[in-house]
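In: show me the folded form of this:
(one chain, ligands or ions: 1)
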Amino acid sequence: MTQAPRTILVDMDGVLADFQSAILAIWEAEHPHEFTLKESEVTEHDMTQLFPPELRDEFDAIALREGFFRSLPPIEGGREALTEMQRLGLNVRICTAPKKIHRFCVPEKYAWIEEHLGGDWTNRMVMTRDKTLVAGDILIDDKPCVTGSLTPTWTHVLYDQTYNRSTDKPRLTWQNWKEVLL
Ligand SMILES: [Mg+2]
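Out: Have a look, this model is predicted:
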C-alpha cells in the first residue's frame, strides 16, 4: 500500500494575499490626518484592536467593500511555493475563512485565486470559518492561534509576520519553507 501524500493546508490572507498592507494603505489614503498604523507597528493579527475604539467600525468596513479582496496584492513567492509543493507530490489545499459578512469576500477570494494562481487552484479551495474541521498534516497560517470545534489533525506552522512573533510555533516564509517542511 502506498502512503497517502502529505496534505498541506495554506491560508490566504497574510500568507498568499497581502491583506494587512492593503487595508492599511487604504486607511492611510482616506484618513491622512487621523490615526495611522504602519505595517511594522502591527503587533496584533486582529489589527482592529490597535485602533482607537471610535475608529474600529470604520476600519473594519474597508474589508467589506466590493473589490477589496479582489485587489489584494500577492505575497511574493507564494505562487511559486505552491506550484513546487504540487510538483513534489504534496496534496495542497487553500484553506481560508470568509468574513461573516461574506457577500463580496467569498466570490472575490475565488476570483483572486483564479487570477493569481490559475483556475485549477479554485478546485483546491476550502472555505470555512472552522479550520479544525479540515483534515490535513500541516496548516500554514499567519494567525497566532487557530481554534475551532475539534482538535485539529494538522500541525500549525506559522507564516512569519510581525504580529505572530510572540508565539512559539514552527514558522516559515516563502523564502525558507522547504527547510522547515521537507
Ligand atoms: Mg490569515
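In: quick check: residues of the protein near the ion?
Out: Asp11, Asp13, Gly14, Asp142 (CB under 5 Å from the ion). Backbone N, C-alpha and C define where each C-beta goes, glycine included.
In: ok, 6 Å please
Out: Asp11, Asp13, Gly14, Val15, Asp141, Asp142, Lys143 (CB under 6 Å from the ion).
In: any chance of these in CSV, plus pLDDT and secondary structure?
Out: Conversion of those to CSV gives the following (pLDDT from 0 to 100; DSSP: H, G, I helix; E, B strand; the rest coil):
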residue, pLDDT, secondary structure
Asp11, 98, coil
Asp13, 98, strand
Gly14, 98, coil
Val15, 98, coil
Asp141, 98, strand
Asp142, 98, coil
Lys143, 98, coil
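In: now the buried members of these.
Out: Asp11, Asp13, Gly14, Val15, Asp141, Asp142, Lys143 (16 or more other CB atoms under 10 Å).
In: mind giving me JSON lines with these and columns for distance to Pro5?
Out: Formatted as JSON lines, these follow (distance: CB to CB, whole Å):
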{"residue": "Asp11", "distance to Pro5": "20"}
{"residue": "Asp13", "distance to Pro5": "26"}
{"residue": "Gly14", "distance to Pro5": "26"}
{"residue": "Val15", "distance to Pro5": "20"}
{"residue": "Asp141", "distance to Pro5": "20"}
{"residue": "Asp142", "distance to Pro5": "24"}
{"residue": "Lys143", "distance to Pro5": "25"}
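In: how close does the nearest residue to Asp11 once chain neighbours are set aside sit to Ala97?
Out: Nearest-residue entry for Asp11: Asp141, 4.1 Å, with adjacent residues in sequence omitted and distances by CB to CB, 6 or more residues apart in numbering. Separation of Asp141 from Ala97 (CB to CB, to the nearest Å): 10 Å.
In: and for Glu115?
Out: Going from Glu115 to Ala97 by CB to CB gives 20 Å.
In: have a look at those two and say which one is more surrounded.
Out: Between Glu115 and Ala97, Ala97 has the larger neighbour count (other CB atoms under 10 Å), namely 20 against 11.
In: that one - nearest residue in space that isn't next to it in sequence?
Out: Once chain neighbours are set aside, the closest to Ala97 by CB to CB, 6+ apart is Arg129, at 4.8 Å.
In: which stretches of this structure form helices?
Out: 19-30, 56-62, 78-87, 105-116, 177-181 (DSSP state H).
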